[in-house]
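[1] Sequence first, then the predicted structure, then my questions.
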Amino acid sequence: MAKPAKSELRIALDRCRGPLFAAMGFSFFINILLLISPLYMMQVYDRVLTSRSENTLWLLTLIAVALLLMMGLLEIVRSRVLVRVGAYFDHQMSSRLFTAVFERQLRLPRAHRAQPLNDLNTVRQFMTGAGLFVFFDIPWAPVFLIFLYFVHPLLGMITLIGGAIMLAMAIASELLTRRKLERASVDSIAGTYFAETSLRNAEALEAMGMLRAIRARWLQRHDRVLALQAQASDWAGLLSGLSKFLRNTLQTALLGGGAYLAIKGEISPGMMIASSIIGGKALAPIDLAVGGWGGVVSARLAYRRLEDLFRTVPPRRSGMDLPPPTGQISLENAFAVPPGAQLPTLRGVSFTIEAGEAIGIIGPSAAGKSTIARLMVGVWPAISGKVRMDGADIATIPRDRIGPYIGYLPQDIELFDGTIAENIARFGEIDAVAVVQAARRAGVHDMILRFPAGYDTPIGEAGGQLSGGQKQRMGLARALYGDPALLIFDEPNSNLDDEGEATLIDAIRQLKAAGKTVVIIAHKPSVLINVDKIMVVRDGQIAVFGPRAEVLAQFTRPVVAHSMPNPMAQSGG
């Protein structure tokens, strides 16, 4: 039977195996050197105090200090190794993680965007923090136990029984708190997402007095999280308190047992003190595990969520480079379902747009017009059928290779925190000539020059400093940047005034004259004056597709006007 393939996270951890084993080796020597203090104390009690030799005291002190210094240096090196291992692990996964989060957002727009990034931080911090030290130190607890058995079996037995009880408490902590912490984590993530989406619409909440209701909804979820966390913390606190009580009691028992053995003459007074200290060090990792089990659970949940994400969103494929596309685009019996929906918005759509053609798409709201645009640019995959550019399946072409040849202006314009030039240049290497050319075509060059720093003006997060019309024209300039072969504009004039619409019409005319393929989804027929053909979409299917004059004529004849609603009467879709 073939072994299951390793997950991406496991492969990344395997690459860190060498440094982690080195850190474990350092932990071995650190734990061995922990015996220095009790051995020093034992020698002082049994040799120095009995012989009253100052030279012996100085020599023992110098040896102890030198070894303690070595232990400190080993701890520093171990910590630095783990910090770099965590950074290396993060470096291996961060790029892949960002891409996976991005692709999942395309498929599931309501997915939690930032949580996987936080999960990677949680795993990395666990790898570099005290939580991992517990796992490094626990295997060496038997070393201390063996040492105590050599001192006297009774002391070893006391430590063994105490350690077993504390280990049982650690297992009980796992069983009693795991599910509550898991539920609290899920509810906390959902509550955070609800708060983020609500605050993103703060103006609407304030204008319509919805703050109280939204706040109550969030507080309900928040209180549920607090209740679950409180229950888990109560159990964890109870077990942690019992663990510390048991540990201190065991140290007392070791000291008392050592005193009894010393009275009987079976061990020396120095061994009595040293055994108590060594017993405490043997039980310390188990005590830390009980107290810090919540961190272990959080790291494990974060690791599982990351594995689920990577399993759901496999790595992007890279294929052979193809010639630059001419702009020819076609759909072959395409069906499409919006992310998170059940019913298709496109059903069996087929058409071909030749390179250099200008096409207008019209139809009522929710007819599937925007879905066609998203299929053509590859934002949404077709659940059945094909979308081809120059004959190649667009789903097989790497996005970073085909993206520069596509200009896309969606209905909802999203700009990013950066300068105007960076946004127009799509945050790639800025070609000043191309940026200015795109801005001129979009009719925003003069407007940009009036900004405080011109093209170097920061626009803030989501372009918050710009009006709706300015955003739309900036988005148009971004779509035109780099002279793409295929341009798809979804409601490009929804926020434009008369001057902006005239500029848009002129830009479409220039693109058509330059032989570019242009697809325009529009509500106003005026913006379709330069198109060659018009496609009418209804109920997820093509109702009419033909030359512009012929299609528009069908909706201007009186008989048809009464029998068929105007397809441009509603926007959206």
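    Done, it's in.
[2] Can you tell me the element residue 478 falls in?
    helix 468-480 (DSSP states H and E).
[3] For the helix or strand following that helix, give me every contacting residue.
    As assigned by DSSP H and E, the chain's next helix or strand after helix 468-480 is strand 486-490. For strand 486-490, the external contacting residues (Cβ atoms under 8 Å, 6 or more residues apart in numbering) are 325, 327, 329, 369-370, 373, 376-377, 389, 405-411, 476, 479-480, 508, 511, 516-522. Using the backbone N, CA and C atoms, a C-beta is placed for each residue, glycine as well.
[4] Among these, which ones are in helices?
    If you go by DSSP state H, those have 369, 370, 373, 376, 377, 476, 479, 480, 508, 511 in helices.
[5] For those residues, give me a markdown table that also has distance to residue 447 and neighbour count.
    Converted to a markdown table, the ones in helices among the contacts of strand 486-490 look like this (distance: Cβ to Cβ, whole Å; neighbours: other Cβ atoms under 10 Å):
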| residue | distance to residue 447 | neighbour count |
| --- | --- | --- |
| 369 | 29 | 29 |
| 370 | 27 | 23 |
| 373 | 26 | 24 |
| 376 | 30 | 23 |
| 377 | 27 | 23 |
| 476 | 12 | 29 |
| 479 | 17 | 24 |
| 480 | 15 | 24 |
| 508 | 19 | 23 |
| 511 | 21 | 22 |
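[6] For the residues you listed, which two are the farthest from each other?
    Longest distance between any two of the ones in helices among the contacts of strand 486-490 is 21.4 Å, between 369 and 480; criterion Cβ to Cβ.
[7] which residues does residue 404 contact?
    Each residue near residue 404 by Cβ under 8 Å, 6+ apart is listed here: 426, 482, 484.
[8] actually residue 542, not the one I typed
    349, 350, 351, 535, 536.
[9] Same check on residue 473?
    Counting by Cβ under 8 Å, 6+ apart, residue 473 touches 442, 443, 444, 447, 496, 500, 503.
[10] was I right about residue 160 contacting residue 144?
    No. With contacts defined as Cβ atoms under 8 Å, residue 160 does not count as touching residue 144, sitting 10.8 Å away.
[11] Looking at those two, which is more packed in?
    Neighbours were counted for residue 160 and for residue 144 using other Cβ atoms under 10 Å; residue 144 has more, 27 against 16.
[12] Quick check: the more buried one touching residue 277?
    No. Using Cβ under 8 Å, residue 144 is not in contact with residue 277, being 9.8 Å away.
[13] returning to what we had before: residue 416: which of the contacts of residue 404 is nearest?
    Nearest to residue 416 among these, counting by Cβ to Cβ, is residue 426 at 9.6 Å.
[14] tell me the contacts of the closest one?
    Contacts for residue 426 (Cβ under 8 Å, 6+ apart) come out as 403, 404, 478, 481, 482.
[15] Need the nearest residue in space to the first one, chain neighbours excluded.
    Right, the one you point to is residue 403. Spatially, and ignoring its direct neighbours in sequence, residue 403 is nearest to residue 426 (8.0 Å; Cβ to Cβ, 6 or more residues apart in numbering).
[16] Check the third one too.
    For residue 478, ignoring the flanking residues on the chain, the nearest one in space by Cβ to Cβ, 6+ apart is residue 424 at 5.2 Å.
[17] For the helix or strand residue 274 falls within, give the mean pLDDT please.
    Using DSSP H and E, residue 274 sits in helix 269-291. Regarding helix 269-291, the rounded mean pLDDT is 77.
[18] Stretch 62-76 too?
    Stretch 62-76 carries an average pLDDT of 90.
[19] same check, this time on stretch 342-358
    The average pLDDT for stretch 342-358 rounds to 88.
[20] Over to stretch 13-25?
    Mean predicted lDDT for stretch 13-25 stands at 86.
[21] Among the contacts of residue 404, find me the one that's closest to residue 358.
    Closest approach between the contacts of residue 404 and residue 358, by Cβ to Cβ: residue 484, at 14.2 Å.
[22] how many neighbours does that closest one have?
    Residue 484, neighbours per other Cβ under 10 Å, totals 22.
[23] Apart from its neighbours in sequence, what residue is nearest it?
    residue 407 (4.1 Å).
[24] Pretty sure that neighbour sits against residue 492.
    No. Counting by Cβ under 8 Å, residue 407 stays clear of residue 492, with 10.8 Å between them.
[25] Overlap in contacts, those two.
    In contact with both residue 407 and residue 492: no residue, using Cβ under 8 Å, 6+ apart.
[26] The residue nearest to residue 478 against residue 435, yeah?
    Yes. Using Cβ under 8 Å, residue 424 is in contact with residue 435, at 5.0 Å.
[27] Please write out the alpha-carbon positions of the helix holding residue 478 in CSV.
    Taking C-alpha atoms only, helix 468-480 is exported to CSV below (Å, rounded to 0.1, in the frame of the first residue of the first chain):
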residue,chain,number,x,y,z
GLY,A,468,-16.1,57.4,-7.1
GLY,A,469,-15.6,58.9,-10.5
GLN,A,470,-11.8,59.4,-9.9
LYS,A,471,-11.5,55.8,-8.8
GLN,A,472,-13.3,54.6,-11.9
ARG,A,473,-11.0,56.6,-14.2
MET,A,474,-7.9,55.5,-12.3
GLY,A,475,-9.1,51.9,-12.7
LEU,A,476,-9.6,52.5,-16.4
ALA,A,477,-6.0,53.8,-16.6
ARG,A,478,-4.8,50.7,-14.8
ALA,A,479,-6.7,48.5,-17.3
LEU,A,480,-5.1,50.4,-20.2
